[in-house]
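Visitor: Structure for this input, please:
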Amino acid sequence: MSNFKIHKDRTEEPTRGETADETTSLYTILGKHDWVDDDGFPRMDTKEFDPAQVHAKAVEDSGRTKFYIKRGRYGKPFNPMGIYSEGTEYKQKRHAGTPEWELKQVNEKAFNFYINFLRTKNSAWLRNAEREI
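Guide: Below you'll find the predicted structure:
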């Protein structure tokens with residue numbers, strides 16, 4: 001059997017969850033971040049990160065950008081400071097064994113409201129994001 005290599009002209013390996021023409025921006029709550037971008041949003045490194053600590057992400061692929069935020073079973077956005085969701089980012093659904101909170105696609109306006117909530121910890125931004133979903 002001969003060896004067959006896909007993308008043999010590629011020089012660097014894509015990072016986890018990325019293809020060569022795809023870029024991912026990962027967002028988390030202020031205090032759990034690896035670095036803060038120029039706009040003041042708390043971000044995580046795309047090479048080494050804990051998936052449960054990622055609360056939002058933007059994926060740009062071939063000129064299109066898709067936005068994702070962490071949402072629960074009933075569609076409510078994850079509140080890492082909330083009295084009902086604090087500390088539950090690792091929680092699993094009992095009947096399915098999948099994570100309780102998953103990154104689900106939203107529109108850009110809801111995404112912007114949510115990352116503003118992550119930056120400021122002001123729950124008004126969270127409520128606005130929930131209204132846009």
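Visitor: how would you label Asn112: helix, strand or coil?
Guide: Here Asn112 is helix, with the state taken from DSSP: H, G, I helix; E, B strand; the rest coil.
Visitor: Residues contacting the longest strand anywhere in the chain, please?
Guide: In the chain, assigned by DSSP state E, the strand with the most residues is strand 64-71. Residues outside strand 64-71 that contact it (CB atoms under 8 Å, 6 or more residues apart in numbering) are 54-59, 77-78, 89, 101-108, 110-111, 114, 129, 133. Bear in mind the C-beta positions are built from the backbone N, C-alpha and C, glycine included.
Visitor: ok, of these, which come out buried?
Guide: With burial judged by 16 or more other CB atoms under 10 Å, the buried subset of the contacts of strand 64-71 is 54-59, 77-78, 89, 101, 103, 106, 110-111, 114, 129, 133.
Visitor: sorry, back to before: immediately after the longest strand of the chain, which helix or strand?
Guide: With elements assigned by DSSP states H and E, the helix or strand that comes after strand 64-71 is strand 102-106.
Visitor: elements contacting the host helix or strand of Phe117?
Guide: Phe117 is part of helix 108-120, with elements assigned from DSSP H and E. On a contact count with 3 or more CB pairs under 8 Å, 6 or more residues apart in numbering; DSSP states H and E, helix 108-120 meets strand 56-61, strand 64-71, helix 123-132.
Visitor: any chance of the ones you listed in CSV, with distance to Leu30 and mean pLDDT too?
Guide: Output for these, formatted as CSV (distance: least, CB to CB, whole Å; pLDDT from 0 to 100):
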stretch, distance to Leu30, mean pLDDT
strand 56-61, 13, 94
strand 64-71, 15, 95
helix 123-132, 12, 94
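Visitor: JSON lines please, covering the ones you listed and showing distance to Glu22.
Guide: Compiled in JSON lines, the helices and strands packed on helix 108-120 are given as follows (distance: least, CB to CB, whole Å):
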{"stretch": "strand 56-61", "distance to Glu22": "4"}
{"stretch": "strand 64-71", "distance to Glu22": "10"}
{"stretch": "helix 123-132", "distance to Glu22": "24"}
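Visitor: of these, which approaches Thr46 most closely?
Guide: Thr46 lies closest, by CB to CB, to one member of the helices and strands packed on helix 108-120: strand 56-61, at 9.2 Å.
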